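Asks: With the input below, show me the fold.
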Amino acid sequence: MQNFLNRASRFVSRNLARRPMKVKGLAVSVIIPVYNTEEYLHELLDSLIAQDLPAENFEVIAVDDGSTDSSGKILDEYAAKHKNIRVVHQENSGWPGKPRNVALDMSSGKFVFFADSDDFLAPNALRELVEFALKHKVDVVLPKVVGSGGRLVFGNEYARTLPSISPLQAIKTLTPQKLVSRELIVKNKLRFPEEKVRLEDGMFMVSCYLLAKRIGINADDAYYNLRARDNKMNISSQGLVPHEYTASIASISEIIRTNAPNEKLASEMTLALWSRKGLKIYGPARFKRYRDQTKDAWIEAHSKFVSEFIPVELSKNLEDIRHRKTELVRAKDRQGLLELNEVESGFDQPHYLNAAGYRDGTLELRGIAGASNVDSVHISAVFRGQTATSIAETTLRITDGVFDGIMSGIPAGAKVLDFYIRPSQGAIQGKRYRLPCSGQTTYSTSGSMRPYATQNENFSLMPIHG
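Replies: Residues are numbered from 1 along each chain as shown. Model (predicted):
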């Protein structure tokens with residue numbers, strides 16, 4: 001604890017010139033459901049005590065959900081020493097929803113922030129998130145989240161700060177560790193489901209996204225540390241029950257259908273949800289290891305969901321292989337899914353570029369295919385930051401594990417071009433991803449553009465100035 005406080009003290013000392021608070025009174029209520037996390041609870045509470053937001057501007061409401069370890073005692077000890085920490089003890093409800101709702105009823109901050117009792121916050125988190133929300137008039141702030149204790153945090157949603165994003169962008173993260181306007185919650189009577197259901201936090205957050213006037217991302221710092229517990233007792237690490245989990249996806253889809261302002265947004269959000277939470281089951285390695293009975297249970301549950309929420313015409317908007325999987329699920333074709341997974345396994349093998357030469361608007365490419373069952377690759381060029389629109393493209397056949405050919409029509413100019421690759425087998429197309437270099441790739445140029453490998457070892461073309 002002392003080491004943590006010393007680090008926090010040094011952090012505060014370096015930031016004494018911070019801007020004054022723009023809100024008087026209670027700015028934020030931190031809501032924490034607690035159940036048997038004695039091993040981690042000190043670190044969370046210490047991180048809250050160390051906040052550079054004055055104690056009179058935030059409160060901590062921790063609800064002990066019938067812990068059988070010393071969690072309740074730890075909470076009481078902190079509450080006795082810090083006036084802005086309140087503790088409620090209740091019988092075990094079995095899920096985080098009820099403790100969060102109890103704390104919501106007690107909260108009075110302008111904003112609420114949902115934290116889990118095994119995570120911790122950066123010392124500047126609450127102040128900077130509140131200031132960001134006030135400055136940009138944001139109802140929901142997505143803070144940059146990083147993993148701790150081996151926890152992996154995927155996605156590009158925390159790559160940069162954005163004062164305004166759409167609900168479609170926000171749905172990439174359904175976890176509750178967000179700053180939310182309490183007025184939004186109270187006005188719309190939003191609650192967490194209290195029964196034991198998966199994705200209950202997603203149901204709450206999607207409602208917030210769709211009802212908010214503005215959503216923003218603050219990625220200026222790593223504000224929240226999401227932990228993987230040593231005992232693997234995170235809810236997210238527990239096994240999934242096909243029909244129960246799919247019912248939760250359906251509940252979120254119904255929330256989207258009810259609250260989205262237009263059909264286009266509703267369709268796009270439903271597809272994004274299905275891609276992330278449904279189709280993940282049919283990844284080649286994952287689906288293969290299930291017993292046949294479990295495979296069939298997932299297919300049966302998902303086929304009903306697809307029938308209800310994803311008509312065939314909507315499914316066509318998915319990336320090719322995801323569309324094919326969706327239609328195989330709709331048809332309850334287990335064998336077809338397994339066969340498609342075999343093809344996809346080849347797509348997942350890396351395909352590398354090992355030579356590139358630029359000659360006055362034409363690019364010569366040569367690379368190595370990562371799998372024998374891939375017969376062609378489609379390569380496209382886009383202006384950096386404009387990934388949706390290709391400005392040049394080519395399809396190259398694979399012979400003896402090698403693809404080579406040319407791409408013409410490369411524009412010369414002041415913009416960097418990034419390149420993407422999509423492997424195929426016959427009519428089946430894989431996922432599109434950045435074209436990687438082999439690490440031993442050779443480059444040549446005679447013109448206004450220079451081939452090079454980015455910091456992440458992906459292929460790009462850079463304008464030559466002067």
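Asks: Just list what the host helix or strand of Phe287 packs against, helices and strands only.
Replies: Using DSSP states H and E, Phe287 sits within helix 284-289. Identification of packing neighbours for helix 284-289 by 3 or more C-beta pairs under 8 Å, 6 or more residues apart in numbering; DSSP states H and E yields helix 334-347. Where you see a C-beta, it was placed from the backbone N, CA and C, and this is true even at glycine.
Asks: Show me the shaky parts of the stretch 1-150 of the chain.
Replies: 1-23, 149-150 (pLDDT under 70).
Asks: can you give me the helices in it?
Replies: Ranges of helices in the stretch 1-150 of the chain, per DSSP state H, counting those that start in this stretch, are 2-14, 38-49, 71-81, 97-106, 125-136.
Asks: need the ones you listed in a markdown table with distance to Thr389, can you?
Replies: A markdown table is the format used below for the helices of the stretch 1-150 of the chain (distance: least, C-beta to C-beta, whole Å):
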| stretch | distance to Thr389 |
| --- | --- |
| helix 2-14 | 43 |
| helix 38-49 | 43 |
| helix 71-81 | 53 |
| helix 97-106 | 42 |
| helix 125-136 | 28 |
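Asks: ok, the closest residue to Gly109 other than its chain neighbours - contacts?
Replies: Of all residues not flanking Gly109 in the chain, Ser29 sits nearest, at 3.6 Å (C-beta to C-beta, 6 or more residues apart in numbering). Applying C-beta atoms under 8 Å, 6 or more residues apart in numbering to Ser29 gives the contacts 58-61, 103, 107-109, 111-113, 182.
Asks: List buried residues within the residues you listed.
Replies: Buried members of the contacts of Ser29, counted by 16 or more other C-beta atoms under 10 Å: 58-61, 103, 107, 109, 111-113, 182.
Asks: Just give me the closest of those residues to Ser460.
Replies: Phe113 (39.1 Å; C-beta to C-beta).
Asks: Hmm, that closest one is touching Ala27, no?
Replies: No: in this structure, Phe113 is not within contact of Ala27 by C-beta atoms under 8 Å, at 10.0 Å.
Asks: Tell me the bridge partners for the residue nearest to Gly109.
Replies: On the basis of DSSP bridges, Ser29 is bridged to Glu59, Val112.
Asks: ok so, going back, going by contacts, tell me the helices and strands next to the next helix or strand after the helix holding Phe287.
Replies: Of the helices and strands lying after helix 284-289 in sequence (DSSP H and E), the nearest is helix 292-309. On a contact count with 3+ C-beta pairs under 8 Å, 6+ apart, helix 292-309 meets helix 242-259, helix 320-330, helix 334-347.
Asks: would you turn those helices into JSON lines with mean pLDDT?
Replies: Formatted as JSON lines, these follow (pLDDT from 0 to 100):
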{"stretch": "helix 242-259", "mean pLDDT": "97"}
{"stretch": "helix 320-330", "mean pLDDT": "97"}
{"stretch": "helix 334-347", "mean pLDDT": "94"}
